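Chemist: need a structure here:
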Amino acid sequence: MADSADDQPSVDGRRVRSERSRFAIARALLDLVRETRQMPTMDAVADRANVSRRSVFRHFADTNELIIAATHMQRDEVFARFHSRDISQMPEPERVKAVAQRLGRLWEYVTPARAVAGAMRADNPVIDRMLSEDDVTHSSYLNAMFSASLAQAPDADRPLFLQSLVSASSWPTWVGLRRDQHLTVVEARRVMEHTLRALLQAARSASPDPVG
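Modeler: Just a heads-up that it's a prediction; the model follows:
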């Protein structure tokens, strides 16, 4: 029993070192993706984490497991960094502006890693599931922010207006504004804000389709 108790600090120490190494390796991958906007080699990851390549695969079964760990790390950072403050009592014009500002900062921050994850989505069911969960979170956020205006639309049209809001403020749309249209962050945010305002106005003024 004494030997077992004496061994416990050693076991705990190894576990802590292992967790630190895993964190450093995942951190290295995520930082390199953000800096280079592409998937780094495992040699580059090992160099950045100050470990050997062999050590990388001692802590992670394969590259896929490492990518998933880095994706979880980014998600945790996003939740902490972009925690949604309560703006539900703001007048809608101010709320639209606040939503566009938050999403603009969020999409700009996640773009490098999100682009790499998106390219791997078709072949990685875990990443696909995580990105799908993020899409649901985005839709739920918009529905909560603009429920009053959406409620004024005809019942049959509400899903369409919500889907339109989601599309207008989504990460792929943000990338299109920034990369394809070469807009600045401020310009892209203004386009998003303008589009959201127009959609909400359309929802409030929509009339049911005539029957027959």
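Chemist: is R81 in contact with R102, as I believe?
Modeler: No. Counting by Cβ atoms under 8 Å, R81 stays clear of R102, with 10.7 Å between them. In short, each C-beta sits where N, CA and C put it, glycine included.
Chemist: more neighbours, the two?
Modeler: R102 (19 against 11; other Cβ atoms under 10 Å).
Chemist: any idea how far the residue nearest to the more buried one when sequence neighbours are not counted lies from D134?
Modeler: Nearest non-adjacent residue to R102, counting by Cβ to Cβ, 6 or more residues apart in numbering: F82, 6.4 Å away. Distance of F82 to D134, given as Cβ to Cβ, to the nearest Å: 12 Å.
Chemist: those helices in this protein, which residues are they?
Modeler: Assigned by DSSP state H, the chain shows helices spanning 2-36, 42-49, 53-59, 63-81, 92-120, 125-145, 147-151, 158-168, 171-175, 185-205.
Chemist: need those in TSV with mean pLDDT, can you?
Modeler: Shown next, in TSV, are those (pLDDT from 0 to 100):
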stretch	mean pLDDT
helix 2-36	81
helix 42-49	96
helix 53-59	94
helix 63-81	90
helix 92-120	94
helix 125-145	94
helix 147-151	95
helix 158-168	98
helix 171-175	97
helix 185-205	97
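Chemist: follow-up on the earlier one: how many other residues sit next to the residue nearest to R102?
Modeler: Look at F82: counted by other Cβ under 10 Å, it has 14 neighbours.
Chemist: ok, it - contacts?
Modeler: Counting by Cβ atoms under 8 Å, 6 or more residues apart in numbering, F82 touches R102, R105, L106, Y109.
Chemist: against D76, how distant is it?
Modeler: Distance, F82 to D76, using Cβ to Cβ: 11 Å.
Chemist: I am finished for the moment; much appreciated.
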